[in-house]
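Chemist: Sequence and predicted structure below; questions after.
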Amino acid sequence: MNLNQKKIGKTFKTLVDKKEAGRYLGRTEFDSVEVDNEVVIQSDKKLAIGEFVNVKITKAYDYDLEGEVVESV
């Protein structure tokens, strides 16, 4: 099983890096920029670049993750 697949359903503290094409992109507190996974962040609220949010992972791809902002871990 792909390591990313094991992250589905889990919540990670995620740093919002940028907004691109109408979506936010970030990385978990365990990932390095340009090297590790990017997280596509779904949020109904405006997020600030550089802020940490809790993201529950809903989908996993070979090199990236996708999830939605949740209030708490």
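Modeler: Cool, the structure landed.
Chemist: right, and G67 touches E38 too?
Modeler: No: using Cβ atoms under 8 Å, G67 is not in contact with E38, being 11.4 Å away. To be clear about C-beta, it is placed using only N, CA and C from the backbone, and glycine gets the same treatment.
Chemist: Looking at the two, which one has more neighbours?
Modeler: G67 (27 against 20; other Cβ atoms under 10 Å).
Chemist: Within the helices and strands, which one has that one?
Modeler: strand 64-70 (DSSP states H and E).
Chemist: Any idea what the nearest residue in space to D36 that is not next to it in sequence is bridged to?
Modeler: Ranked by Cβ to Cβ, 6 or more residues apart in numbering and with sequence neighbours excluded, the top spatial neighbour of D36 is R27, at 6.4 Å. On the basis of DSSP bridges, R27 is bridged to L15.
Chemist: So what touches the strand holding G67?
Modeler: For strand 64-70, contacts defined as Cβ atoms under 8 Å, 6 or more residues apart in numbering pick out 4, 7, 11-12, 14, 28, 37-43, 45, 47, 53-60.
Chemist: Pull out the buried residues from these.
Modeler: Using 16 or more other Cβ atoms under 10 Å as the burial test, these include 4, 7, 11-12, 14, 28, 37-41, 47, 53, 55-57, 60 as buried.
Chemist: out of these, which are inside strands?
Modeler: Those of the buried ones among the contacts of strand 64-70 mapping onto strands are 11-12, 14, 28, 38-41, 53, 55-57, 60, per DSSP state E.
Chemist: Which two of those have the greatest separation?
Modeler: V53 and A60 (18.3 Å; Cβ to Cβ).
Chemist: send the alpha carbons of stretch 62-73 over as PDB?
Modeler: Extracted in PDB, the C-alpha atoms of stretch 62-73 (Å, rounded to 0.1, in the frame of the first residue of the first chain):
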ATOM      1  CA  ASP A  62       1.300   9.200  -5.800                       C
ATOM      2  CA  TYR A  63       2.900  12.500  -4.800                       C
ATOM      3  CA  ASP A  64       0.200  14.700  -3.400                       C
ATOM      4  CA  LEU A  65      -2.600  14.700  -0.900                       C
ATOM      5  CA  GLU A  66      -6.000  16.400  -0.800                       C
ATOM      6  CA  GLY A  67      -8.100  17.300   2.200                       C
ATOM      7  CA  GLU A  68     -10.500  19.700   3.800                       C
ATOM      8  CA  VAL A  69     -10.000  22.100   6.700                       C
ATOM      9  CA  VAL A  70     -11.400  20.900  10.000                       C
ATOM     10  CA  GLU A  71     -11.700  22.800  13.200                       C
ATOM     11  CA  SER A  72      -9.800  20.500  15.500                       C
ATOM     12  CA  VAL A  73      -7.600  17.400  15.400                       C
END
